[in-house]
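S.K.: Let's see this in three dimensions:
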Amino acid sequence: MGTLNNHKDLYLNFKNDAENTSISKQSRVELFFLSIFHLIEACAARYRTHINKHQMVRKILEKNTEIFEKQTEFVWKSFQTIETRLRPKFSYGFSWTDEDFKELRDIYKKIEKICLGVI
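M.R.: Just a heads-up that it's a prediction; the model follows:
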């Protein structure tokens, strides 16, 4: 199981790289995605829970509602929006817009704020 500190370090490393405006938005989106996943993992690790794969976020959070309490559904739904709607636009095609990037950043910040309140 990854530790809280290991996941926090990964979150910060990926976030730092994602904020580098000299790289493509497509790459930055992937880094924001990895960053927020590891921050969610850090929160889970605080409760001795391990998510392991990004596809398991919803399932694990629904089973362990003590992690985010009343914000559980918001966290997994917001993460899924990044994972299944926004990230694919940047990773697999050219249909993204600057507004999509802004939306991703806004969602990221909301999840980040919740997570930082947990850890």
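S.K.: May I have stretch 94-101 exported as PDB, CA atoms only?
M.R.: Extracted in PDB, the C-alpha atoms of stretch 94-101 (Å, rounded to 0.1, in the frame of the first residue of the first chain):
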ATOM      1  CA  PHE A  94      -8.200  17.300 -31.100                       C
ATOM      2  CA  SER A  95     -11.700  18.300 -30.000                       C
ATOM      3  CA  TRP A  96     -10.600  20.200 -26.900                       C
ATOM      4  CA  THR A  97     -10.900  23.900 -26.400                       C
ATOM      5  CA  ASP A  98      -9.400  26.400 -24.000                       C
ATOM      6  CA  GLU A  99     -12.700  26.300 -22.200                       C
ATOM      7  CA  ASP A 100     -12.300  22.600 -21.600                       C
ATOM      8  CA  PHE A 101      -8.800  23.200 -20.100                       C
END
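S.K.: ok, residues contacting that stretch?
M.R.: With CB atoms under 8 Å, 6 or more residues apart in numbering as the test, stretch 94-101 has contacts from Lys25, Gln26, Arg28, Val29, Leu86, Lys89, Phe90. For the C-beta atoms, the positions are set from N, CA and C on the backbone; glycine is no exception.
S.K.: what bits of this structure have low per-residue confidence?
M.R.: Scanning the chain for pLDDT under 70 picks out the ranges 1.
S.K.: which SSE is the most centrally placed residue in it in?
M.R.: Central residue of the chain (CA atoms, centre = their mean): Ile36, 2.4 Å from the mean position. Element membership of Ile36, judged by DSSP states H and E, is helix 25-46.
S.K.: for that helix, the distance to its chain's centre please.
M.R.: For helix 25-46, the separation from the chain centroid amounts to 4 Å (computed by CA atoms, centre = their mean, to the nearest Å).
S.K.: now swap in stretch 7-21 and tell me
M.R.: Here stretch 7-21 is found 11 Å from its chain centre; the criterion is CA atoms, centre = their mean.
S.K.: And the contacts of that stretch?
M.R.: 23, 28-29, 31-32, 34-36, 38-39, 41-42, 45, 119.
S.K.: The closest residue to Ile60 other than its chain neighbours: what secondary structure?
M.R.: In space, and not counting its chain neighbours, Ile60 is closest to Ile51: 4.7 Å by CB to CB, 6 or more residues apart in numbering. The assignment at Ile51 comes out as coil when based on DSSP: H, G, I helix; E, B strand; the rest coil.
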